[in-house]
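Visitor: The sequence and its predicted three-dimensional model are supplied below.
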Amino acid sequence: MACHALLFDLREKVAERPALVAPDTYAFTQEVGHAVARAGHPGLLTRSAPFDGNNVVVLDSRYLSNARDHCYRRYRFEPDDNACYVERTPSEVWITIQ
């Protein structure tokens, strides 16, 4: 798959805005994503919060070649464990984020 768009690159902003990779809340990143989408921009590139790597966030599938669903995920937060359980198949934990 290819992305045919210019994306905002937020990776170097992490030092001045640590909320971009906060492991315990996505509130700030969701605000940023909503603002970028409302402004009509195609997407952004940022560091992953729970993993070592980058995330490409494309907000409009028109900018992707051959876009199709690969899988669905379910996220379940358990406050007593302070963990988020990610399932690709119902009731089968794929990743645990703590």
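Guide: It's in. It should be emphasised that the depicted structure is a prediction, and the values quoted were computed from it without experimental measurement.

Visitor: What does the closest residue to residue 20 other than its chain neighbours show for phi and psi?
Guide: In space, and not counting its chain neighbours, residue 20 is closest to residue 14: 5.1 Å by C-beta to C-beta, 6 or more residues apart in numbering. For glycine as for every other residue, the C-beta is placed from the backbone atoms N, C-alpha and C. Main-chain torsions, residue 14, degrees, to the nearest 10: phi -60, psi -40.

Visitor: who touches residue 14 in this structure?
Guide: Counting by C-beta atoms under 8 Å, 6 or more residues apart in numbering, residue 14 makes contact with 20, 21, 46, 47.

Visitor: 7 Å - rerun?
Guide: Contact analysis of residue 14 by C-beta atoms under 7 Å, 6 or more residues apart in numbering lists 20, 21, 47.

Visitor: Please identify which of those is nearest to residue 29.
Guide: Residue 29 lies nearest to residue 20 out of these, by C-beta to C-beta, at 6.1 Å.

Visitor: do you know how far residue 41 is from residue 14?
Guide: Residue 41 sits 19 Å away from residue 14, going by C-beta to C-beta, to the nearest Å.

Visitor: correction: residue 23
Guide: 13 Å.

Visitor: Who is the nearest residue to residue 50 once chain neighbours are set aside paired with across the strands?
Guide: Leaving aside its sequence neighbours, residue 50 sits nearest to residue 97 (C-beta to C-beta, 6+ apart; 4.7 Å). Note on residue 97: beta-bridge partners residue 84, judged by DSSP bridges.
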